[in-house]
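Enquirer: Next come a sequence and a model predicted from it.
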Amino acid sequence: MTDISLDTLASSAARPRRDIGIKKRYAAERRFRLYGVLAIAVGLAFLGVMLTSIVSKGYTAFWQTTVTLPIHFDEKIIDPSNKRATDPNVLVTANYPKLAEAALIEKLGIDPSDRATVRKLKGFLSDGSRVQLRAIVAADPSVIGTTRDVDILAAANLDSAYKGQIDLNVPESRRKVSDQQVEWMNKLKAEGVMAEHFNTGLFSYGASSRPETSGVGVALIGSIYMMVIVLLLALPIGVAASIYLEEFAKKSRFTDLIEVNINNLAAVPSIVFGLLGLAVFINFLGLPRSASFVGGLVLTLMTLPTIIIATRAALAAVPPSIRSAALGLGASKMQMVFQHILPLAAPGILTGTIIGLARALGETAPLLLIGMVAFVADYPKTPFDPATALPVQIYMWANEAERAFVERMSGAIIILLIFLMAMNIVAIVLRRRFERRW
Amino acid sequence: MNIMTEKSLEDAVNAEMNRPNEPIKMRGDQVTVHYGDKQALFGVNLDVRQNQVTALIGPSGCGKSTFLRCLNRMNDTIDSARVGGKITLDNEDIYDPKIDVVELRARVGMVFQKPNPFPKSIYENVAYGPRIHGLAKNKAELDEIVEKSLQKAALWNEAKDRLNEPGTGLSGGQQQRLCIARAIAVAPEVILMDEPCSALDPIATAKVEELIDELRENYTIVIVTHSMQQAARVSQRTAMFHLGYLVEEGPTDKMFTNPDDKRTQDYITGRFG
């Protein structure tokens, strides 16, 4: 009853409703929202596929199979003619792998005179044992003649087999580990002699032709050198240039031209900066090739426009009222900029800088041109020594055929991504913290 | 006629004070301002008298803020602005190359339309000016300047327990009084106020107006306002601007009761503007 009376009341009082397309408008909004959600879903799906692929291929790179063997540092093998007191080269050139092999033969209970079986042991242990055992002897020569338990790296193929990455159903002649080796592997595994450990070598080794003894150590040092150089050069130069352009320079055709060109520079393909570095820093100035110093200079050039643009935007975003307030109190322009504008722009500048650095860290193309694609096994002592960079190391491993290198490549990608993510998180945290202050 | 009540006595005293017998503090002589090709001020002659409040009124875009900004050379910060004519402070040409603009702004302070405290503590806001001009020899002197300035700006009682809290956390009216305290702290001779109450509610406005009246004792004040009532309440002299010209200038009570120019009358009675 009440409903009816209300209806009649309403219809008598209200004007006839106009059709102003409400339904259509809402439908359009719903459609638009749907497109947005779809776009995000597609984006996330691709990201998910990429990360899953990298992580699933790469996580095993962080584990390395080792064989713990009681190595007898046999004087007859290391120094057969007993000349080490006079000739230090003896300890350097000694046949250390033979020590490891002898220990393995004993462990497996093989008759050392059974040449055919012994030959099958080839490729079981990593040849990296040479460096490893040499280091032990070099550190303490008195170890000669004694026996000591040492974790010897398994060769890359055995490492893959241990991780279950080699299909044992494939005929023996077409795979890289023999049935005999698999049998030994299982035996050692059962005895607990062969086991997986966290792969510290991935972070410490330099370039190597053997996957099990190659790592991103040199590349990490090279990348760190370059980032430090970029930070030390690009941040002060970029911020100073921005402050001058934004606060001091009179607006004129010339400054407009500079502004346009800075924006253009930010869009120049990075490989062009590599060519510039090759022509100017290496050919003209004669700086060393493959050096992280040159890499840092090239990346500085590349990062500068990014930092300048971000800094100028941050400076321009400081409200004009703050400028007026400072000037109105009789602050000089310099005092206004450094005591009021710059502190307020700092979060924006920091964010821009870190994002620029992150871009520089992931940059490969310009480094290829200045010779940082190199086989560098030794740590660079200074930024002027040959080094590689993380993304370049990834690129080089991607060119290798062996399966174990693919695993390391994915591992290196994970390391690089973690660094990039850490930098971006630092950028976000810094911005939040500074912005929240007031 | 000779029987004077207390009220009429006060009026007489006020009328006395409104007479142009105080010395001239600042004088604008044929002041013109161009922004690029556009001329914003046409030959303005205006005297600002010491220890008086001079109100600049007029419709939007009439040049009153432009004139105000000439008085402490804030127009210098606008690249396209050119100022012509002569403006003097104590008979010294402030656009003379010998005059340092930083020193000028220490003598002619400014309070802006929108409260613009620095995003720093209340203490730092007030202490900033004295610090950059080296007005305090030590912390104790600086503390004293801060306290006195806040007291003069009628903010001390509200702010004394929260000196280290951000100035931006105050209410709008308090922020504007903080800005006034900040301007006072530099011990200027003239304070320019560009619509200081336009962003404030009536209660805060009343407080700031009261404050302006008190400040007149020690400072010369020039205030731009859109509110006729405000001009009538706080100023002793009023100048009416229109389209970049100074229409009329005179004692406030005369301007509001018996203006010479018809445009002034139209404007104050609300017929245009």
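Expert: Arrived safely, thanks for sending.
Enquirer: rest of the way, CA atoms for contacts and neighbours
Expert: Fine.
Enquirer: For chain B, which segments count as strands?
Expert: Ranges of strands within chain B are B:24-35, B:38-49, B:53-57, B:81-89, B:92-93, B:108-111, B:190-194, B:220-224, B:237-242, B:245-251, based on DSSP state E.
Enquirer: Kindly report the residues of the stretch 301-438 of chain A close to chain B.
Expert: Contacts of the stretch 301-438 of chain A with chain B, taken as C-alpha under 8 Å from any C-alpha of the partner chain, map to A:Ser321, A:Ile322, A:Ser324, A:Ala325, A:Leu327, A:Gly328, A:Leu329, A:Gly330, A:Ala331, A:Ser332, A:His340, A:Trp438.
Enquirer: Could you check the pLDDT of the last one?
Expert: To tie it back to what came earlier, the one meant is A:Trp438. As predicted, A:Trp438 sits at a pLDDT of 46.
Enquirer: go on, A:Ala10?
Expert: On the pLDDT scale, A:Ala10 is placed at 52.
Enquirer: ok, which residues in the stretch 51-200 of chain B are in contact with chain A?
Expert: So far as C-alpha under 8 Å from any C-alpha goes, the stretch 51-200 of chain B lies against chain A at B:72, B:74, B:79, B:101-106, B:109-112, B:114, B:116-120, B:129, B:132, B:166, B:168, B:182-183, B:186.
Enquirer: Neighbours of residue 25, how many?
Expert: Going with chain A. 11 (other C-alpha atoms under 10 Å in any protein chain shown).
Enquirer: my bad, chain B
Expert: 18.
Enquirer: right, and A:Val298 touches A:Val272 too?
Expert: No - A:Val298 lies out of contact with A:Val272 (C-alpha atoms under 8 Å); the separation is 9.9 Å.
Enquirer: Excluding chain neighbours, what is closest to whichever residue of the stretch 151-300 of chain A sits closest to chain B?
Expert: Residue nearest to chain B within the stretch 151-300 of chain A: A:Lys250 (7.2 Å; C-alpha to the nearest C-alpha). Sequence neighbours aside, B:Asp79 is the residue nearest to A:Lys250 in space, at 7.2 Å (criterion: C-alpha to C-alpha, 6 or more residues apart in numbering or on different chains).
Enquirer: just checking, that neighbour touches A:Ser252?
Expert: No - using C-alpha under 8 Å, B:Asp79 is not in contact with A:Ser252; the gap is 10.2 Å.
Enquirer: can you give me phi and psi for B:Thr225?
Expert: Dihedral pair for B:Thr225: phi -150, psi 150, per degrees, to the nearest 10.
Enquirer: if I look at it, how far off is B:Val108?
Expert: 18 Å (C-alpha to C-alpha, to the nearest Å).
Enquirer: same thing with A:Ser223?
Expert: 55 Å.
Enquirer: repeat for A:Leu276
Expert: Counting by C-alpha to C-alpha, the gap from A:Leu276 to B:Val108 is 54 Å.
Enquirer: remind me which residues of the stretch 1-150 of chain B are low pLDDT?
Expert: In the predicted model, the stretch 1-150 of chain B carries pLDDT under 70 at residues B:1-21.
Enquirer: Do a quick rundown of the helices in it.
Expert: Applying DSSP state H, counting those that start in this stretch to the stretch 1-150 of chain B gives helices spanning B:6-18, B:64-71, B:101-107, B:122-132, B:139-152.
Enquirer: Tell me which of these lies nearest to B:Asp161.
Expert: B:Asp161 lies closest to helix B:122-132 among these, at 10.4 Å (C-alpha to C-alpha).
Enquirer: what does the closest one rub up against?
Expert: Contacts to helix B:122-132, defined as C-alpha atoms under 8 Å, 6 or more residues apart in numbering or on different chains, come from residues A:329-331, B:117-118, B:136, B:142, B:145-146, B:149-150, B:159, B:162-167, B:178-179, B:181-183, B:185-186.
Enquirer: re earlier: which of the strands of chain B is buried the deepest?
Expert: Highest mean neighbour count among those (mean count of other C-alpha atoms under 10 Å in any protein chain shown): strand B:108-111, with a mean of 29.
Enquirer: chain center to that one, what's the gap?
Expert: Chain-centre distance of strand B:108-111: 7 Å, with C-alpha atoms, centre = their mean, to the nearest Å.
Enquirer: partners of that strand in the sheet?
Expert: Strand partners for strand B:108-111, identified by DSSP bridges, are recorded as strand B:190-194 (parallel).
Enquirer: now could you export just the CA positions of the strand it pairs with as PDB?
Expert: Taking C-alpha atoms only, strand B:190-194 is exported to PDB below (Å, rounded to 0.1, in the frame of the first residue of the first chain):
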ATOM      1  CA  VAL B 190      59.000  47.500   6.300                       C
ATOM      2  CA  ILE B 191      56.800  44.400   6.100                       C
ATOM      3  CA  LEU B 192      55.000  43.700   2.900                       C
ATOM      4  CA  MET B 193      51.900  41.500   3.100                       C
ATOM      5  CA  ASP B 194      50.300  40.000   0.000                       C
END
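Enquirer: quick one: contacts of that strand?
Expert: B:65, B:68, B:107-113, B:183, B:219-225.
Enquirer: what about chain A, any weak spots by pLDDT?
Expert: A:1-13, A:436-438.
Enquirer: Check it for the residue nearest chain B and tell me.
Expert: When scored by C-alpha to the nearest C-alpha, chain A has A:Gly330 as its residue closest to chain B, at 4.7 Å.
Enquirer: Wait, A:Leu197 touches A:Val67, no?
Expert: Careful, residue A:197 is His; it's not Leu. No - applying C-alpha under 8 Å, one finds A:His197 not in contact with A:Val67, separated by 10.2 Å.
Enquirer: ok, A:Val272 - contacts?
Expert: For A:Val272, the contact set (C-alpha under 8 Å, 6+ apart) comprises A:Pro366.
Enquirer: Tell me which residues of the strand or helix carrying it come out buried.
Expert: Using DSSP states H and E, A:Val272 sits within helix A:270-277. By 16 or more other C-alpha atoms under 10 Å in any protein chain shown, the buried positions in helix A:270-277 come out as A:Ser270, A:Ile271, A:Phe273, A:Gly274, A:Leu275, A:Leu276, A:Gly277.
Enquirer: Reformat those as CSV; add distance to B:Asp29.
Expert: CSV is the format used below for the buried residues of helix A:270-277 (distance: C-alpha to C-alpha, whole Å):
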residue, distance to B:Asp29
A:Ser270, 60
A:Ile271, 62
A:Phe273, 59
A:Gly274, 62
A:Leu275, 63
A:Leu276, 59
A:Gly277, 61
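Enquirer: For the nearest residue to B:Gln151 once chain neighbours are set aside, grab the count of nearby residues.
Expert: Closest residue in space to B:Gln151, ignoring its immediate chain neighbours: B:Asn157 at 7.6 Å, by C-alpha to C-alpha, 6+ apart. As a burial measure, B:Asn157 scores 9 neighbours (other C-alpha under 10 Å).
Enquirer: and B:Asn157, how far is that from B:Ala187?
Expert: In terms of C-alpha to C-alpha, B:Asn157 sits 21 Å off from B:Ala187.
Enquirer: again with A:Glu29
Expert: Taking C-alpha to C-alpha, one finds A:Glu29 at 59 Å from B:Ala187.
Enquirer: Kindly report the same for A:Asn283.
Expert: Per C-alpha to C-alpha, A:Asn283 is found 62 Å from B:Ala187.
Enquirer: Is A:Ser410 in contact with A:Lys57, as I believe?
Expert: Yes - here A:Ser410 reaches A:Lys57: they are 6.0 Å apart, a contact under C-alpha under 8 Å.
Enquirer: neighbour-wise, which of the two wins?
Expert: Between A:Ser410 and A:Lys57, counted using other C-alpha under 10 Å, the more crowded position is A:Ser410 (23 against 17).
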